[in-house]
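Peer 1: coordinates only, no sequence provided:
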């Protein structure tokens with residue numbers, strides 16, 4: 001399986017290193033408009049460097065294109081790759097608006113290729129364990145959950161993050177990780193209520209999700225946090241609580257109820273306490289799905305739904321009203 005990568009920033013190099021560890025996969029081309037960055041990545045994995053994406057599609061012989069570009073560029077390059085007959089693996093978010101997301105999905109479908117979107121939290125071992133605990137009934141019926149994801153402002157490394165039209169801001173770029181995971185763990189979301197504050201170097205948002213089941217999730221995301229990148233999640237049900245916190249040495253904690261028991265060159269990339277890289281696990285999974293035509297853990301439609309919920313959170317913060325999901329984003333008053 002031959003892979004080409006477009007975008008040689010932090011995640012482009014994460015993809016390159018991950019592919020180098022996957023048997024039967026060869027990186028045959030890397031592309032970036034900054035020739036020096038493309039050449040540096042190419043040298044690391046023994047691939048050819050390109051500054052023209054069209055040239056890479058035509059000359060590299062790739063079967064798959066990994067898109068690790070700024071979010072606002074995902075649609076353009078995904079559609080071009082699909083029309084060239086290449087499978088597409090895109091970093092999240094799938095796009096910055098639903099029209100572009102649907103265009104990406106349709107282009108891949110119409111050209112007989114697969115589209116995968118890197119909602120990598122589904123591959124972090126501690127989050128996988130949480131999902132297993134919930135599905136296994138360890139905490140009973142899910143009631144209330146909380147998640148936070150805070151870190152330094154990526155705009156201090158890559159200036160385009162300050163432009164919401166290019167990055168989507170803290171909700172579409174950062175909180176969307178937890179939005180996707182919450183939907184994976186808790187089911188379909190009925191409504192969203194969001195708050196947002198941005199003063200440049202500090203951007204902070206919260207969102208409350210109400211699920212069709214009646215469960216509620218409270219999410220928090222911040223850029224400009226004066227400390228290390230931190231993630232945490234907690235799910236409380238009728239039978240107990242399951243939680244993880246990256247700031248603690250023990251990544252996963254399960255507490256049963258009494259009745260039941262008796263800085264650098266690139267933007268910061270979240271890490272897992274597990275031995276294996278979640279990014280490598282994710283890319284291995286996507287490659288295997290292409291090989292055996294199986295359904296991925298996270299589908300392109302899942303990525304579309306995560307974007308829909310994230311956009312609803314942004315709209316709610318703008319209007320001060322809750323937004324219903326899947327009903328033309330009709331506005332409703334908060335309960």
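Peer 2: Received, thanks. The structure displayed is predicted, hence computed values, not measured ones. Numbering: from 1, shown residues only.

Peer 1: give me the element residue 305 is part of.
Peer 2: Residue 305 is part of helix 300-319, with elements assigned from DSSP states H and E.

Peer 1: can you list contacts of that helix?
Peer 2: 92-95, 97-98, 101-102, 104-105, 108, 115-117, 119, 168-169, 171-172, 175-176, 179-180, 183-184, 189, 192-196, 205, 207, 209, 322-323, 325-326, 329, 331 (CB atoms under 8 Å, 6 or more residues apart in numbering). For glycine as for every other residue, the C-beta is placed from the backbone atoms N, C-alpha and C.

Peer 1: who does the next helix-or-strand element following that helix pair up with?
Peer 2: Per DSSP H and E, helix 300-319 leads on to strand 322-324 as the next helix or strand towards the C-terminus. Strand 322-324 has its sheet partners listed here by DSSP bridges as strand 189-198 (antiparallel), strand 331-332 (antiparallel).

Peer 1: least confident of these, on average?
Peer 2: The weakest mean pLDDT among the strands paired with strand 322-324 belongs to strand 331-332, with a mean of 38.

Peer 1: what is the burial count for residue 200?
Peer 2: Residues lying near residue 200 (other CB atoms under 10 Å) number 9.

Peer 1: from the contacts of helix 300-319, list the buried ones, please.
Peer 2: With burial judged by 16 or more other CB atoms under 10 Å, the buried subset of the contacts of helix 300-319 is 92-95, 97, 101, 104-105, 108, 115-117, 119, 168-169, 171-172, 175-176, 179-180, 183-184, 189, 192-194, 196, 205, 207, 209, 322-323, 325.

Peer 1: which ones among these lie within strands?
Peer 2: 115-117, 189, 192-194, 196, 205, 207, 209, 322-323 (DSSP state E).

Peer 1: what's the spacing between the most centrally placed residue in the chain and residue 99?
Peer 2: What sits nearest the mean C-alpha location of the chain, by CA atoms, centre = their mean, is residue 119, with 3.2 Å. Here the distance between residue 119 and residue 99 works out to 20 Å (CB to CB, to the nearest Å).

Peer 1: tilt between the helix holding residue 305 and strand 189-198?
Peer 2: 50 degrees (axes from the mean of the first three to the mean of the last three CA atoms, to 10 degrees).

Peer 1: quick check: buried residues in helix 300-319?
Peer 2: Neighbour-count burial for helix 300-319 [16+ other CB under 10 Å]: 300, 302-317.

Peer 1: so residue 232 is in which element?
Peer 2: strand 230-237.

Peer 1: now do residue 244
Peer 2: Per DSSP H and E: strand 240-245 holds residue 244.

Peer 1: who does that strand pair up with?
Peer 2: Strand 240-245 is paired, per DSSP bridges, with strand 230-237 (antiparallel), strand 252-256 (antiparallel).

Peer 1: weakest of these by average pLDDT?
Peer 2: What stands lowest among those, in mean pLDDT terms, is strand 252-256, with a mean of 52.
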